[in-house]
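Below are the sequence and a predicted model for it; my questions follow.
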Amino acid sequence: MHISNIKKTISGDRARIAATYTWEDCDRPQTEVYIETASAFAEDLAPNANAFLLGGVMPAMLHGERRVYIDGQVCPELRNGLVTAMQQLQQWHGKEACRPIAIEATQGFMPGIPRTQARAASFQSGGVDALATLRSNRLDIPLEHPASIKDGLMIYGFDLGAYESMDQNLEAFEYARSRLDKLGQAEHFTLIPVYTNLVYLDDDDANRFWFYFGATLAAIAHAFVPRISTVRIASSDSVLGELVPMGSHPLLDPNYSSADLQIIHDGARFSRLEKIGLIAQWDAGLQNIRACWDAFRAADALNCGRCEKCLRTMTQLLVFDKLKGCRAFPFDDITPEQLNDLRVGPVDLSAPRKELLEQAIRTLTVGNLKNWEMLLQELAKIGRHDLVEVIRAKLAEYARCERRRYRESFRQKVARLDDRLLRGQLRKIYRKLR
């Protein structure tokens, strides 16, 4: 992959940095990738080679490129960290899927000069993880301290606007932005809107992006090096909840730091329920939770109230007696019928993208299984045995689906071995025995 033509432009009310990505070893289209913000933050946005390297190195590795060759100067600390991150991904996913690639820079490897005054930021979507990071920072760090979060980076191009072939739903993003602007005023941080098409580099497979999304977040942070010196990426999983390999992880994110920007993976000490507990006692955050991943929801709503993530978050708020009165969701109670609407079972990966995403956001999967299991005891404590009964049934249905998938996978493996080694003789013997 060759990353070239790095530039910065200002037009109207937007400032943009952009670069051209040309694939060298696979048949993928050349793409101009941009990171954009409001013109009020134009001086804070830099055409930083580190940012565009981070944006391209993981897609390049996963598509079998032999190198990333970038026009510009790269920080050696970032280069070294990326090698470590690629090695970690290879350890998790295997040599064939993740083979570390070379990093080359036309102007060599030199560290940047850190800011003279430290300034901390975090990514702020309004999600439970992001709000919990902000809240814990406010409880622990005095506002005047350099480690106090002063900026929140809000990205259009992840849950909303992430897929080139779909409706972008910019209106829903701007509505959420207006709500979080008010939260920023109340909590003394500046909300910085960021618009990007970084995900378009590799948006033909929605699952692959989640292998490395921490690197994409870090790429955006590096674009704002003139303004910030530290950025926190909120953990989406807990050490106590069996931390699993995923694209943002305590073993990955710190490797995306450079000499002039520190990346911190924050909040892995909290379970999801503990994060909800933090927010439940903080009304400003409670009224602005944006848990929903439904990219097709109404433009004037933070949450749809029907998807798996909405239902899980509302049920968790119910445990703390905070769902009633939380204006971020369209319902003030949870019924067994609502939980019964959750899908259980595999998602049809061959379905058109919109249909695939609609299935995924309404499905109970291995990624959210632990969170539902943790709710059983808490719901029983508050006497919501009607919900406990439905959740137990859904978990049992999930277990049955997994056993069925395992049996089918085992049969397929045996059949392949039979064809390759025994020329189908095992299958013939089985049929005769039946």
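Structure's in. What do you need? All of these numbers come straight from a predicted model, not from anything done at the bench.

what does stretch 391-398 rub up against?
The contact list for stretch 391-398 (CB atoms under 8 Å, 6 or more residues apart in numbering) reads Leu339, Leu342, Val344, Gly345, Leu364, Leu369, Trp372, Glu373, Leu375, Leu376, Leu379. To be clear about C-beta, it is placed using only N, CA and C from the backbone, and glycine gets the same treatment.

Which strands or helices does the helix or strand hosting the last one pack on?
Remark: Leu379 resides in helix 366-381, with elements defined by DSSP states H and E. On a contact count with 3 or more CB pairs under 8 Å, 6 or more residues apart in numbering; DSSP states H and E, helix 366-381 meets helix 272-280, helix 308-319, helix 385-417.

ok, back up a step: output the contacts of stretch 391-398 in a markdown table, with neighbour count and pLDDT appended to each entry.
Output for the contacts of stretch 391-398, formatted as a markdown table (neighbours: other CB atoms under 10 Å; pLDDT from 0 to 100):
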| residue | neighbour count | pLDDT |
| --- | --- | --- |
| Leu339 | 21 | 94 |
| Leu342 | 21 | 89 |
| Val344 | 17 | 85 |
| Gly345 | 16 | 73 |
| Leu364 | 23 | 81 |
| Leu369 | 16 | 84 |
| Trp372 | 21 | 92 |
| Glu373 | 13 | 92 |
| Leu375 | 21 | 94 |
| Leu376 | 15 | 95 |
| Leu379 | 22 | 96 |
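
Tell me which of the helices and strands packed on helix 366-381 sits nearest to Ile17.
Across those, Ile17 has its closest neighbour in helix 308-319 (31.8 Å, CB to CB).

And stretch 112-129, end to end?
30 Å (CA to CA, to the nearest Å).

residues of that stretch that come out buried?
Gly112, Arg119, Ala120, Ala121, Ser122, Phe123, Gln124, Ser125, Gly126, Gly127, Val128, Asp129 (16 or more other CB atoms under 10 Å).

go on, stretch 288-307?
Applying 16+ other CB under 10 Å to stretch 288-307 flags 288-295, 297, 301-307 as buried.

Check stretch 90-99 too.
Within stretch 90-99, the residues that qualify as buried are Gln90, Trp92, Cys98, counting by 16+ other CB under 10 Å.

Repeat that for stretch 188-200.
So stretch 188-200, judged by 16+ other CB under 10 Å, has buried residues Phe189, Thr190, Leu191, Ile192, Pro193, Val194, Tyr195, Thr196, Asn197, Leu198, Val199, Tyr200.

Quick check: which of the buried residues of stretch 288-307 has the minimum pLDDT.
Within the buried residues of stretch 288-307, pLDDT reaches its minimum at Ala295, with 67.

can the buried residues of stretch 90-99 go into a markdown table with extra columns for distance to Met154, secondary structure and pLDDT?
Below are the buried residues of stretch 90-99 laid out as a markdown table (distance: CB to CB, whole Å; DSSP: H, G, I helix; E, B strand; the rest coil; pLDDT from 0 to 100):
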| residue | distance to Met154 | secondary structure | pLDDT |
| --- | --- | --- | --- |
| Gln90 | 32 | helix | 94 |
| Trp92 | 29 | helix | 93 |
| Cys98 | 30 | coil | 88 |
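
List just the nearest of these to Cys26.
Cys98 (15.1 Å).

so what's the backbone phi/psi at that closest one?
Main-chain torsions, Cys98, degrees, to the nearest 10: phi -130, psi 90.

So Cys326 is in contact with Gln287, correct?
Yes. At 6.7 Å, Cys326 counts as touching Gln287 under the criterion of CB atoms under 8 Å.

Looking at those two, which one has more neighbours?
Under the neighbour definition other CB atoms under 10 Å, Cys326 and Gln287 were set side by side, and Cys326 has more, 21 against 16.

So the more buried one, which state does it fall into?
Under DSSP: H, G, I helix; E, B strand; the rest coil, Cys326 falls in the coil class.

Now do the contacts for it.
By CB under 8 Å, 6+ apart, the contact list for Cys326 reads Leu286, Gln287, Ile289, Leu317, Asp332.

between these, which is closest to Glu36?
For the contacts of Cys326, the nearest to Glu36 is Ile289 (26.3 Å; CB to CB).

Spatially nearest residue to that closest one, not counting backbone neighbours?
Excluding its sequence neighbours, the residue lying closest to Ile289 (CB to CB, 6 or more residues apart in numbering) is Ala328, at 4.6 Å.

Asn288 is in contact with the one you found, correct?
Yes. Using CB under 8 Å, Ala328 is in contact with Asn288, at 6.2 Å.

joint contacts of these two?
With CB under 8 Å, 6+ apart as the test, Ala328 and Asn288 both reach Leu302.

farthest pair in the contacts of stretch 391-398?
Counting by CB to CB, the most remote pair of the contacts of stretch 391-398 is Gly345 and Leu379, 23.5 Å apart.

The helix holding Leu379 to helix 272-280, inter-axis angle?
Angle, helix 366-381 to helix 272-280, by axes from the mean of the first three to the mean of the last three CA atoms, to 10 degrees: 70 degrees.

Pull helix 366-381 out as PDB, backbone CA atoms only.
Only the C-alpha atoms of helix 366-381 are listed here, as PDB (Å, rounded to 0.1, in the frame of the first residue of the first chain):
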ATOM      1  CA  VAL A 366     -21.500 -14.300  22.300                       C
ATOM      2  CA  GLY A 367     -20.300 -10.700  22.600                       C
ATOM      3  CA  ASN A 368     -23.200  -9.600  24.900                       C
ATOM      4  CA  LEU A 369     -23.900 -13.000  26.500                       C
ATOM      5  CA  LYS A 370     -22.100 -12.300  29.800                       C
ATOM      6  CA  ASN A 371     -23.900  -9.000  30.300                       C
ATOM      7  CA  TRP A 372     -27.300 -10.700  30.100                       C
ATOM      8  CA  GLU A 373     -26.200 -13.400  32.400                       C
ATOM      9  CA  MET A 374     -25.000 -10.800  35.000                       C
ATOM     10  CA  LEU A 375     -28.500  -9.300  34.900                       C
ATOM     11  CA  LEU A 376     -30.300 -12.500  36.200                       C
ATOM     12  CA  GLN A 377     -29.300 -12.100  39.800                       C
ATOM     13  CA  GLU A 378     -29.800  -8.300  39.800                       C
ATOM     14  CA  LEU A 379     -33.300  -8.500  38.300                       C
ATOM     15  CA  ALA A 380     -34.300 -11.200  40.800                       C
ATOM     16  CA  LYS A 381     -33.200  -8.900  43.600                       C
END
